[in-house]
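A.B. asks: Any chance you could fold what I've pasted below:
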Amino acid sequence: MPLKKERIDAVKFMRVTAMLLVILIHATGVALSKISNDNSSYFVYLFLNRFTRFEGAVFVFLSGLTLFYNYESKPFTKQTWTNFYKRRFLFILGPFLIWSIFYELFSYYQGFRVFAGGKAMFTSIVTGGAYYQLYFILILVQLYFLMPLFIYLVKRFWWFKKYLLFIGFTVEVAVQSYFEMFDISFTVPLFAIYIASFFFGGWVALHYQFLKEQWSKRQYFVWISFTFLLGIAYTILYYFRSVLEHDEISYIAFKFLSTSYMLLSCFVLFKISICLVHHGGRKLNEFAEHLRIYSFGFYLVHPCILYLLSDTILSGLVTSHIHLYIFLRFVLTVIFCYVFIRSLHLLFPRAWFLFGNLPAPKKKSSL
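C.D. replies: Residues are numbered from 1 along each chain as shown. The predicted structure follows:
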């Protein structure tokens, strides 16, 4: 029997960071539509909304990291993959279906869409179109479906294992550039959008014992600085290409730069998280772990809370105090999401059907 692998504790800091960045991006998006792009404030919000776009790559990176790490060494049997798919259905696909139905009904109630019959509703749900954040889960589901094939290729072909990162990067850039060139789109979001991040996570998992070593202070400074500059370049290029619509800027060049930035951000965040595990202190680690278990719930719930806050207690600030509006929109959404998810978790300890895999809440010992 193989020895039990050590836990990758850095995952919790990465997941919490990505969770907060998702909410930040969705909270600040309204500012880009309310403020003119020649206003100095516009560039602050562009930075907050675009520089932080590596959050999706982080989530996919973490899926690749944990899945390759846990399943590369397991026996390639029917039982292994039956258990694998069972867990994904219960803790990922189940909550996705429940919240998709909720957001469909929520959209009808709020007047975002008009009910067009059961067939249209079914199509919206299975294609991730029930609400704007749900498409991302279907990308993960596709990658889960293909996971046995990926593991087989890693086990069977040495070159696939060795060049996993390069293969993912090449496929993502090539496929998306091809689709952009010929204006090809799909009803269901294609997994190739994030295949580089997934395979990069897998590559890190396969070399984890070497890559888990902490950097020196100088290495942290150099790599963080380089990543920051690359992110600034990506944000500026996005501004000229997408906001000012300078079509002469090559999409392939833009995609190459953006993918490089996303992957490097994932890795730097991975190394920073390792540092926090060792030097962040017990309380910080416990707090990050506590938030980690709710990260999927935050992803599912936050759009509803964002809208309800904006439509009620914050509605008067959107035109009169836009900066305060954005700040409160972000902070209150994080707080309300936590209170909502935590409350349901305490009331229904087995609330995995709503928020994914949750541990039983700890009971305080009586004095």
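
A.B. asks: State the pLDDT value of N49.
C.D. replies: Looking at N49, its pLDDT is 97.

A.B. asks: no, scratch that, I was asking about K363
C.D. replies: For K363, the model assigns a pLDDT of 61.

A.B. asks: P361 in helix, strand or coil?
C.D. replies: Three-state assignment for P361 (DSSP: H, G, I helix; E, B strand; the rest coil): coil.

A.B. asks: what's near enough to touch it?
C.D. replies: By CB atoms under 8 Å, 6 or more residues apart in numbering, P361 lies in contact with H345, L346, P349. Quick note: C-beta positions are derived from backbone N, CA and C, even for glycine.

A.B. asks: Against K161, how distant is the last one?
C.D. replies: The gap separating P349 from K161 is 41 Å, by CB to CB, to the nearest Å.

A.B. asks: Compare the two (neighbour count), which wins?
C.D. replies: The residue with more neighbours, out of P349 and K161, is K161; 17 against 13, by other CB atoms under 10 Å.

A.B. asks: Without its sequence neighbours, what residue ends up closest to that one?
C.D. replies: Residue nearest to K161 in three dimensions, not counting chain neighbours: V154, with 4.7 Å by CB to CB, 6 or more residues apart in numbering.

A.B. asks: Which helix or strand contains the one you found?
C.D. replies: Element membership of V154 [criterion: DSSP states H and E] is helix 135-156.

A.B. asks: how about the next helix-or-strand element following that helix: buried residues?
C.D. replies: Using DSSP H and E, the helix or strand that follows helix 135-156 in sequence is helix 158-162. By 16 or more other CB atoms under 10 Å, the buried positions in helix 158-162 come out as K161.

A.B. asks: centre of the chain versus the helix or strand that helix 158-162 is followed by, how much separation?
C.D. replies: On the C-terminal side of helix 158-162, the closest following helix or strand by DSSP H and E is helix 164-181. Averaging C-alpha positions (CA atoms, centre = their mean, to the nearest Å) puts helix 164-181 19 Å from its chain's average.

A.B. asks: Against which helices or strands is helix 164-181 packed?
C.D. replies: In this structure, helix 164-181 packs against helix 195-206, helix 251-279, with contacts taken as 3 or more CB pairs under 8 Å, 6 or more residues apart in numbering; DSSP states H and E.

A.B. asks: tilt between it and helix 195-206?
C.D. replies: Relative orientation of helix 164-181 versus helix 195-206 (axes from the mean of the first three to the mean of the last three CA atoms, to 10 degrees): 170 degrees.

A.B. asks: Residues contacting helix 164-181, please?
C.D. replies: 154, 160, 184-185, 190, 192-200, 202-203, 206, 251-252, 255-256, 259, 263.

A.B. asks: now swap in stretch 325-344 and tell me
C.D. replies: By CB under 8 Å, 6+ apart, the surrounding residues in contact with stretch 325-344 are 20, 23-24, 27-28, 30-31, 45, 291, 294, 297-298, 301-302, 305-306, 309-310, 314, 317-318, 351, 354-355.

A.B. asks: Check stretch 304-323 too.
C.D. replies: The contact list for stretch 304-323 (CB under 8 Å, 6+ apart) reads 23, 26-27, 30-31, 34-35, 41, 102-103, 106, 110, 324-325, 328-329, 332-333, 336-337, 340.

A.B. asks: Now that we have those, which of them are buried?
C.D. replies: For the contacts of stretch 304-323, buried by 16+ other CB under 10 Å: 23, 26-27, 30-31, 34-35, 102-103, 106, 325, 328-329, 332-333, 336-337, 340.

A.B. asks: taking the residues you listed one by one, which sit in helices?
C.D. replies: Within these, residues falling in helices by DSSP state H are 23, 26-27, 30-31, 34, 102-103, 106, 325, 328-329, 332-333, 336-337, 340.
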